[in-house]
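Undergrad: coordinates only, sequence not included:
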């Protein structure tokens, strides 16, 4: 059986004379533990080249990072908006749309769930602390990334429930934005106690799942979080 090839965009980080492409190692470790082969796609590659690599890949994973440019959903930036990378937005939005159109398995994490929603026509809450009354704290301590910050309620009869269980599930959290207007076709499969959307799926496809937390940082200690990656990898197993 061939090992599934997972396409992962890698953004540029840092400024000055030596910026670098950067990807958290836990994303890669979680995929390797499931027998996948990560294909790293540098942000800045043209869409024609990206499409060619997309066609060769068996699945797509979108990872965390800075904010999507609010112009992508027809809003002006909030003062707290940070880390906008138009080249990354263009690439990842294209990948999300291509995956939905081609029924190619996709798993999106944190920023990734926001990219998916914008790619399919939705909008974002640009700053939870200011714009969501009585919101929980959604930005945890980065020095303790595997710790539970709050729970989410997972809907029954969902792919997410089959993997982590329905009902209350403890998750970590490192974000200040979230889904606002849900894109057409997406189904909400998890919410935080304050109503923030924490999981979405696109029904009818082999595997199109996005979560707002960071399961890669909990996967080494939590079988349910590792299961999110292994389910995705199984869906990507090529038939060739």
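TA: Yes, it's here. Everything numeric here is computed off the predicted structure, so don't read it as measured data.
Undergrad: so where's the protein uncertain?
TA: 1, 239-240 (pLDDT under 70).
Undergrad: which residues of it fall in helices?
TA: Using DSSP state H, the helices of the chain run over 25-32, 47-56, 86-102, 111-119, 128-131, 159-164, 223-236.
Undergrad: closest to residue 75 out of those helices?
TA: helix 111-119 (10.5 Å; C-beta to C-beta). All C-beta spots, glycine's among them, are computed from the backbone N, C-alpha and C.
Undergrad: for the closest one, name the packing helices and strands.
TA: For helix 111-119, the packing partners by 3 or more C-beta pairs under 8 Å, 6 or more residues apart in numbering; DSSP states H and E come out as strand 59-62, helix 86-102, strand 106-109, strand 124-125, strand 178-179, strand 197-201, strand 208-211.
Undergrad: got the angle for that helix vs helix 86-102?
TA: Between the axes of helix 111-119 and helix 86-102, defined by axes from the mean of the first three to the mean of the last three C-alpha atoms, to 10 degrees, the angle is 70 degrees.
Undergrad: please point out which parts of helix 111-119 sit buried.
TA: For helix 111-119, burial by neighbour count (16 or more other C-beta atoms under 10 Å) applies to 111-119.
Undergrad: is it possible to get JSON lines of the residues you listed that adds distance to residue 188?
TA: Formatted as JSON lines, the buried residues of helix 111-119 follow (distance: C-beta to C-beta, whole Å):
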{"residue": "111", "distance to residue 188": "18"}
{"residue": "112", "distance to residue 188": "16"}
{"residue": "113", "distance to residue 188": "11"}
{"residue": "114", "distance to residue 188": "14"}
{"residue": "115", "distance to residue 188": "17"}
{"residue": "116", "distance to residue 188": "12"}
{"residue": "117", "distance to residue 188": "11"}
{"residue": "118", "distance to residue 188": "16"}
{"residue": "119", "distance to residue 188": "17"}
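Undergrad: how about residue 168: what's its closest non-neighbour residue?
TA: residue 151 (4.7 Å; C-beta to C-beta, 6 or more residues apart in numbering).
Undergrad: hmm, the one you found is touching residue 193, no?
TA: Yes. Counting by C-beta atoms under 8 Å, residue 151 touches residue 193, with 6.6 Å between them.
Undergrad: settle it for me: which of the two has more neighbours?
TA: With neighbours defined as other C-beta atoms under 10 Å, residue 151 and residue 193 compare such that residue 151 has more, 16 against 13.
Undergrad: now that one: how far from residue 180?
TA: Relative to residue 180, residue 151 is positioned 21 Å away (C-beta to C-beta, to the nearest Å).
Undergrad: what's the burial count for residue 167?
TA: Count around residue 167 with other C-beta under 10 Å applied: 12.
Undergrad: you'd agree it is up against residue 153?
TA: Yes. Using C-beta under 8 Å, residue 167 is in contact with residue 153, at 6.5 Å.
Undergrad: who touches the residue nearest to residue 100 when sequence neighbours are not counted in this structure?
TA: Excluding its sequence neighbours, the residue lying closest to residue 100 (C-beta to C-beta, 6+ apart) is residue 202, at 6.0 Å. By C-beta atoms under 8 Å, 6 or more residues apart in numbering, the contact list for residue 202 reads 100, 120, 185-187, 208.
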